[in-house]
Each structure stands twice: as structure tokens, then as C-alpha cells.
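[1] Sequence first, then the predicted structure, then my questions.
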Amino acid sequence: MRLRRRTLLGSAAAGALTAVGAYELVDRLTAPAARPEILRRPPEQHILEGIRTVVDDDVEVLVPPLHHQVVTAKLRVDESRASLREARLELEAILSGLDRDYAPTPAGLGLVIAWGLPYFRRYVAGQARVHVPVDVRASAARGRSLRVLEDAERFPSDSEGTILEDNDVAVLLRSDAQRHIADAAARLFDETQPLFRVTSIRKGFAGGGFDGQASLPKRIALAAGIPGAELIPDRSELFLGFTSTQKHGLGPRRIANFETLGYADLGPAGYFAGGTHMHLSHLFEDVEAWYINFDHRERVDTTFRPGLDVPRETLSVAQPPEDSATAAELAADLEAHRRVGHSASIQPTSRLAEDVVGRDGVRYPRGTAVPQRADFNTIDNPFFWSATPERDGMVERPAAGVHFAAFNPTGDDFRRNRLAMDGMLPDGTRLPFEPGTRGLGFNSILATTHRQNFLVPARRHRSFPLSELTA
């Protein structure tokens, strides 16, 4: 029987926070993988412990949590110091309770609370001018002082209809157990309605195709009636087939911290040490066009780079640091093949151009990936629930998409990667493609509906950051 997604457009957000709708199928289709028990909690919010590594197609792959949920909200707290203090203590008490109840692993609960520019501008503007880190690299490149958190922008391949959001806060929840996410969402938002007004709820899934298990994307897409679902490979980690969590394709442990690579000046107090930047967006994916209009050869060329020899049944493709593409190699690919691959197109910006010894004392070789992605597939259209359904374009019919969350050392670092995806590199290289053209990576089958940037403090400052300081 075909699934129908429960949109709950007429219901209160409280009901939608714990509702699962079509996503209950994830639990029915896949048993959680065995995960190591982790008791130590890192100072960083964005680091998820206990991630399992498997070898798939002779490539090391990190196994993502099965369930994901993002809740965005605006604050109902007034600007007085007394109100902020009370709110900070109340929220931290709930977060500390979740820390006690769940390990910081996929078997427990990954929880990231991130804060948008509207929060910093309204509530802690004076403190933010002092303590939000300066983006050293971006300031030098663009000739003015820039912070690590900037307003989101539309990129060349975005449509004019892409919504640039203005939420105060976003909470990313990740777990192999759906009930853990439902419990956390209820405790954070149902019980603290004086603090938050929920604006959207975004649900999804990833993985399930390793260790001989059924692929979640294919089976959920088939059940939801997504056009082209029958063409998704049986063990695909995501709708578009190829594995996206190759170990070499994701930034190592602390590389996305503000301080690690020296991209940011934390200021004399170092308040946001251990923090990072998070970009959040939603994109529709045209699954049917991907598999019908692109044969296997073109899908390899488009996902990675032209000319790679990848057998038809291979989904996990090696992308070691030593094979990172340069701007010159992209130009050569363009000359020879009239196209560049998605991975290759962003490697000049998303991977280190030289060896770096980080502020954490770790040596990061040339070609090491920097961003840490936490993206996941969805059948939301575009969200599971919205407080403004007309503005957000809510439709009951399921649709293939991805909720994209990525951690970078600065907002400009994400911006450089996203512009590279449109053929615009920081060294001035411009690949001569029209926005959205088929020859430039995934652009022709993706459509971004929403974007926003957030600052993720370290765990010690996660509740109403800067509000304990005087302006």
C-alpha cells in the first residue's frame, strides 16, 4: 500500500514534534546497527561519538544515524537580563537532563543547538560585536571586517524563490532510535513553549544499506510513490545512489572548529572556542531525471569527475586526499569532457591546499576534507510541519529531497564551497557554465527551497550564548 505523508498542517506543532507519519517505516525496515558505548562527552556539540566505520566496495565508510530531525524556532523571551537569565537556566536544565539520559552517539542521541543572526542581533548585539569571531580569511579577501556568521544568500543556481530564513534557533537531532528523538523534541519544545515558537519540523533518514540490510532510501521512496524510486540501487545510502559518507570525504574530528585551521580570530576571551558554523537548507531532488536522463557513465562523471573507472554495481567510490582536484585539473576536465563532477568541482575549496598543523596539534595533510556534513534524505514537501505553510510551499504529496546540514570553520568557508559548485573559485577561476546546467555537477536535478546560517557554540555556551555577559 502506498504511503501518504502526515503533514498535520492544521495541527499544533506540539503534535507534529513527536508524530512520525511515514517515517515510522524506517523502524519497520531497518534494525539499528551495533554501536560502541561512549561515556565521555566532547566539549563540541557538533561531534557525534560512536560513529561506526565499515568497508564497502573496498572503501572506508562512516555509517550515519538512521533518524534525523531538525526543529527551527523563534524565541518568545523578552530582552531583559532577568528574562534571559531565567530562559538560559531553564533551557540548560533540559539539555543537561538529555545529556544524563542519552549517550552522545547514534545509539543514544546527537543534539546540536545552533543560533541564528536574528538571535544575536535582537538579544546580545553588544556582546556579539565583541565575541563573535572575525573571519580572518574572508576579511582579507573581501576587504572589510567580516564575522564567521553572515546572512544567508542566494547562489547563482538558486531560484529567486529560494527563501532566506530568519529563525532564532535550530536544533539538529540524530539517533538510531526514533523514540529518543521524539523524547528530546518533546522535552525541548513541548515543555518550554514560553521559550520557543516552533516554525518548522524537518524529518528524514539515511543509510540502512550496509551489512546486507535493505536500503532505506529505495524502500521508503517506493512506498511513498516517488517517481523513479524503482531505479534507486537496492543498497543505496541516499536517493541518488552513490555513498556520500566516505571517510575521506568528510572532515576529521575537530577540523571544523572555529579555531582549528586558523581561519577565525576568536578574540581575547576565546568565548566561541570549540564552536563551529552550521548551514541549513532544503533541496528537492529529481530522482526520476537522475536515473533516466543520466546513464551510469554520466552519473559517475557528474557525481565525482569525468573519466573515473567505476563498475556499475559500485556505490562507494574512493576519494583519497592525494586525488583531490585542483582548479587547473577542473579546467582540463572541462576542455576534454565539457563537464566537471560535483565532488571535483568543490575540492579546490573544500579540501586543504597544503599540509596544516591545526591549533589542536593534529597534522592535516594536503587534500584533507574540511566540511563535516550531516545531510539526510526526506520525503517532506518541503517540511514535515510548518507554522507558515503557504510561505513555505507545503504540499501533502511526498517529494524526494535532502535536508542539508553542514559544519564549516566559518560561514565564508561554506560560501566558497557553494560558489565552487556553481563554477566560481576563490582564485578567480570561472568555469563557463550557465547556472543549473547539466555539465556542472548536480545542479540540473536540484532545487533549493530554503537557506539559513547558524552559529553552533561549544557545549558550555549552548544555552542562550553571550546572554550571561554584560554588553
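    Now that the structure is in, tell me what you want to look at.

[2] the helices in the stretch 251-400 of the chain, which residues?
    287-293, 296-303, 327-337, 342-350, 389-392 (DSSP state H, counting those that start in this stretch).

[3] Highest mean neighbour count out of the ones you listed?
    helix 342-350 (a mean of 24; mean count of other CB atoms under 10 Å). Any C-beta I mention is one placed from the backbone N, CA and C, and that applies to glycine too.

[4] Would you report the backbone torsion angles of the residue in the chain sticking out farthest from the centre?
    Residue farthest from the centre of the chain, counting by CA atoms, centre = their mean, is residue 82 at 34.1 Å. Dihedral angles of residue 82 (phi, psi; degrees, to the nearest 10) stand at phi -60, psi -40.

[5] do residue 71 as well
    Torsion angles, degrees, to the nearest 10, at residue 71: phi -120, psi 130.

[6] Who are the contact partners of it?
    Neighbouring residues of residue 71 by CB atoms under 8 Å, 6 or more residues apart in numbering: 17, 170, 171, 173, 185, 188, 189, 198, 200, 201, 202.

[7] Quick one, which of the residues you listed are buried?
    17, 170, 171, 173, 185, 188, 189, 198, 200, 201, 202 (16 or more other CB atoms under 10 Å).

[8] okay, those in JSON lines with pLDDT, distance to residue 347 and secondary structure next?
    Converted to JSON lines, these look like this (pLDDT from 0 to 100; distance: CB to CB, whole Å; DSSP: H, G, I helix; E, B strand; the rest coil):
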{"residue": "17", "pLDDT": "66", "distance to residue 347": "38", "secondary structure": "helix"}
{"residue": "170", "pLDDT": "98", "distance to residue 347": "28", "secondary structure": "strand"}
{"residue": "171", "pLDDT": "98", "distance to residue 347": "31", "secondary structure": "strand"}
{"residue": "173", "pLDDT": "98", "distance to residue 347": "30", "secondary structure": "strand"}
{"residue": "185", "pLDDT": "96", "distance to residue 347": "36", "secondary structure": "helix"}
{"residue": "188", "pLDDT": "96", "distance to residue 347": "37", "secondary structure": "helix"}
{"residue": "189", "pLDDT": "93", "distance to residue 347": "39", "secondary structure": "helix"}
{"residue": "198", "pLDDT": "96", "distance to residue 347": "38", "secondary structure": "strand"}
{"residue": "200", "pLDDT": "98", "distance to residue 347": "32", "secondary structure": "strand"}
{"residue": "201", "pLDDT": "97", "distance to residue 347": "34", "secondary structure": "strand"}
{"residue": "202", "pLDDT": "98", "distance to residue 347": "28", "secondary structure": "strand"}
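
[9] Identify, from those, the entry nearest to residue 284.
    Closest approach to residue 284 among the buried ones among the contacts of residue 71 (CB to CB): residue 202, at 13.3 Å.

[10] Identify the residue spatially nearest to the closest one, adjacent ones excluded.
    Spatial nearest neighbour of residue 202, excluding adjacent residues (CB to CB, 6 or more residues apart in numbering): residue 70 at 4.3 Å.

[11] And that neighbour, how close does it get to residue 251?
    Distance check for residue 70 against residue 251: by CB to CB, to the nearest Å, it reads 20 Å.

[12] number of nearby residues for residue 397?
    For residue 397, the neighbour count with other CB atoms under 10 Å is 12.

[13] That one contacts residue 379, correct?
    No - contact criterion CB atoms under 8 Å: residue 397 and residue 379 do not qualify, at 9.4 Å.

[14] ok, residues contacting stretch 302-313?
    Contacts of stretch 302-313 (CB under 8 Å, 6+ apart): 240, 242, 294, 296, 300-301, 317, 319, 325, 333, 336-337, 339-344, 438, 441-442.

[15] again, only this time at 6 Å
    For stretch 302-313, contacts defined as CB atoms under 6 Å, 6 or more residues apart in numbering pick out 242, 296, 300, 317, 333, 337, 339, 341, 342, 343, 344.

[16] Just give me the neighbour total for the fourth one.
    I take that to be residue 317. 18.

[17] mind listing the helices in the stretch 1-150 of the chain by residue range?
    According to DSSP H, counting those that start in this stretch, the helices that the stretch 1-150 of the chain contains are 13-18, 24-29, 81-101, 117-123, 125-131, 136-142.

[18] what number of residues lie near residue 424?
    So residue 424, with other CB under 10 Å, has 17 neighbours.

[19] cool, residue 133 as well?
    Residue 133 has 24 nearby residues by other CB under 10 Å.

[20] my read: it touches residue 148, true?
    Yes - between residue 133 and residue 148 there is a contact at 4.7 Å, judged by CB atoms under 6 Å.

[21] Identify the contacts common to these two.
    residue 264.

[22] which SSE is residue 467 in?
    Residue 467 is part of no helix or strand, with elements assigned from DSSP states H and E.

[23] Grab the nearest non-local neighbour of it.
    residue 84 (4.2 Å).

[24] ok, now residue 188?
    Nearest to residue 188 is residue 94, by CB to CB, 6+ apart, at 5.9 Å.

[25] OK, contacts around residue 172?
    Contacts of residue 172 (CB under 6 Å, 6+ apart): 70, 112, 405.

[26] how about a cut-off of 8 Å?
    Taking CB under 8 Å, 6+ apart, we find residue 172 in contact with 68, 69, 70, 110, 111, 112, 114, 278, 374, 405.

[27] host element of it?
    Applying DSSP H and E, one finds residue 172 within strand 169-175.

[28] Sheet partners, orientation included, of that strand?
    Sheet pairing for strand 169-175, assigned by DSSP bridges, gives strand 67-75 (antiparallel), strand 110-115 (antiparallel).

[29] next one: the first one to chain centre, how far?
    Centre-to-centre, strand 67-75 and its host chain are 13 Å apart (CA atoms, centre = their mean, to the nearest Å).

[30] What angle do helix 81-101 and that strand make with each other?
    Relative orientation of strand 67-75 and helix 81-101, computed by axes from the mean of the first three to the mean of the last three CA atoms, to 10 degrees: 170 degrees.
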